[in-house]
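*Asks:* need a structure here:
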Amino acid sequence: MKMIRPGNFTKGFTLLELAFSLAIIATLVAILLPKGVDALRNSRVQQVAKTVDTLKTALTNYVGLPGGNGSIPRTEGTGIPCSGAALSGATDVAKGNGARLDTVLLATGMIDRPVGLRMGTQAATSTGSGNEMTWNQSLLAFVVTPDAAPQRNWTGVTRVEARSSQQGVLPSVALGANFRLDGVTDRPANLVIAYLVIPACPYADALALATQLNGAQLAPAVGAASDAGVVAYAAPSNGVTDIYIYLMEV
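*Replies:* This next block holds a predicted model:
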């Protein structure tokens, strides 16, 4: 029988050594985790900034399309261009829920995929039933095939929209109808404003985005609404808020 000599035993960790090791690990996590979170948030902000630039270029190219009318179709509020008796006769709310400017840019080749961001809601499809509203460039109107009242709803999805300007309304509650780009001045009347919507965005991301895109001078106060610059949002509720980002106006 082989004898096990005392020197063959492996020495284990003492309770004090384990506690000391865990304390070191906890300290490193406390130091490095916030930096990792900040890096991820900055990456999301940079993605949004690049997407905004891409959309501005796409909208500029769309406005200049031969055969167009030099404008941007409204997709929210009143005045949404539609063709077909049932679609045209639907309520503004129903048409606004179903129409989005992404559809127009996709149909005309100005962008090659729907807008998708790592910030805010990750929903990618509409809710509701029935056929989607599509864009007919030759008619310069939205259509549903076969003609019907719209039943789809895109309001929970990150998307591009356009609506008539509305002076005197705080940008934080204007739903894209007003921006005070210099911090003071409302957008002029009788314009169509195009904007990017990011629903259900964590407030920390919204604040970081507003601070970068608005600049330090127009950055909102922590915990408050954003009413100045190109980024507008209401004060957070349950830690999230919907973001509206100015793209262009015609």
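
*Asks:* per-residue confidence for the closest residue in space to A219 that isn't next to it in sequence?
*Replies:* Across the structure, with C-beta to C-beta, 6 or more residues apart in numbering as the measure, the residue nearest A219 apart from its sequence neighbours is T211 (4.4 Å). Placement of C-beta: from N, CA and C, glycine included. Per-residue confidence (pLDDT) for T211: 96.

*Asks:* state the distance from T211 to A200.
*Replies:* Here T211 is placed at a distance of 20 Å from A200 (C-beta to C-beta, to the nearest Å).

*Asks:* so which residue is dead centre in the chain?
*Replies:* With distances taken as C-alpha atoms, centre = their mean, the chain has I198 as the residue nearest its mean C-alpha position (2.2 Å).

*Asks:* for the protein, give me the ranges with low pLDDT.
*Replies:* Counting by pLDDT under 70, the low-confidence segments of the chain come to 1-13, 17, 20-21, 25-36.

*Asks:* quick one: the strands in it?
*Replies:* If DSSP state E is used as the criterion, the strands of the chain fall at 127-128, 134-136, 141-143, 152-153, 159-164, 192-202, 231-233, 240-249.

*Asks:* mind giving me CSV with those strands and columns for distance to T54?
*Replies:* Rendered in CSV, the data for the strands of the chain read as follows (distance: least, C-beta to C-beta, whole Å):
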stretch, distance to T54
strand 127-128, 26
strand 134-136, 19
strand 141-143, 23
strand 152-153, 25
strand 159-164, 11
strand 192-202, 10
strand 231-233, 17
strand 240-249, 10
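
*Asks:* can you give me the helices for this structure?
*Replies:* Using DSSP state H, the helices assigned to the chain run over residues 15-63, 85-88, 92-98, 101-107, 203-214.

*Asks:* can I get these in JSON lines including mean neighbour count and distance to L175?
*Replies:* Below are the helices of the chain laid out as JSON lines (neighbours: other C-beta atoms under 10 Å; distance: least, C-beta to C-beta, whole Å):
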{"stretch": "helix 15-63", "mean neighbour count": "13", "distance to L175": "18"}
{"stretch": "helix 85-88", "mean neighbour count": "16", "distance to L175": "22"}
{"stretch": "helix 92-98", "mean neighbour count": "21", "distance to L175": "10"}
{"stretch": "helix 101-107", "mean neighbour count": "22", "distance to L175": "14"}
{"stretch": "helix 203-214", "mean neighbour count": "20", "distance to L175": "15"}
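
*Asks:* redo these as TSV? Include distance to L181.
*Replies:* TSV is the format used below for the helices of the chain (distance: least, C-beta to C-beta, whole Å):
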stretch	distance to L181
helix 15-63	14
helix 85-88	34
helix 92-98	24
helix 101-107	20
helix 203-214	9
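
*Asks:* can you tell which of those is closest to Q151?
*Replies:* Q151 lies closest, by C-beta to C-beta, to one member of those: helix 92-98, at 7.5 Å.

*Asks:* one step back: of all the helices of the chain, which one is nearest V115?
*Replies:* V115 lies closest, by C-beta to C-beta, to one member of the helices of the chain: helix 101-107, at 5.7 Å.

*Asks:* show me what that closest one packs onto, helices and strands only.
*Replies:* With contacts defined as 3 or more C-beta pairs under 8 Å, 6 or more residues apart in numbering; DSSP states H and E, the packing partners of helix 101-107 are helix 15-63, strand 134-136, strand 159-164.

*Asks:* nearest to A216, out of the ones you listed?
*Replies:* Closest approach to A216 among the helices and strands packed on helix 101-107 (C-beta to C-beta): helix 15-63, 14.4 Å.

*Asks:* and the closest residue to Y62 other than its chain neighbours, its phi and psi?
*Replies:* Across the structure, with C-beta to C-beta, 6+ apart as the measure, the residue nearest Y62 apart from its sequence neighbours is M110 (4.9 Å). Reported as degrees, to the nearest 10, the phi and psi values for M110 are phi -80, psi -30.
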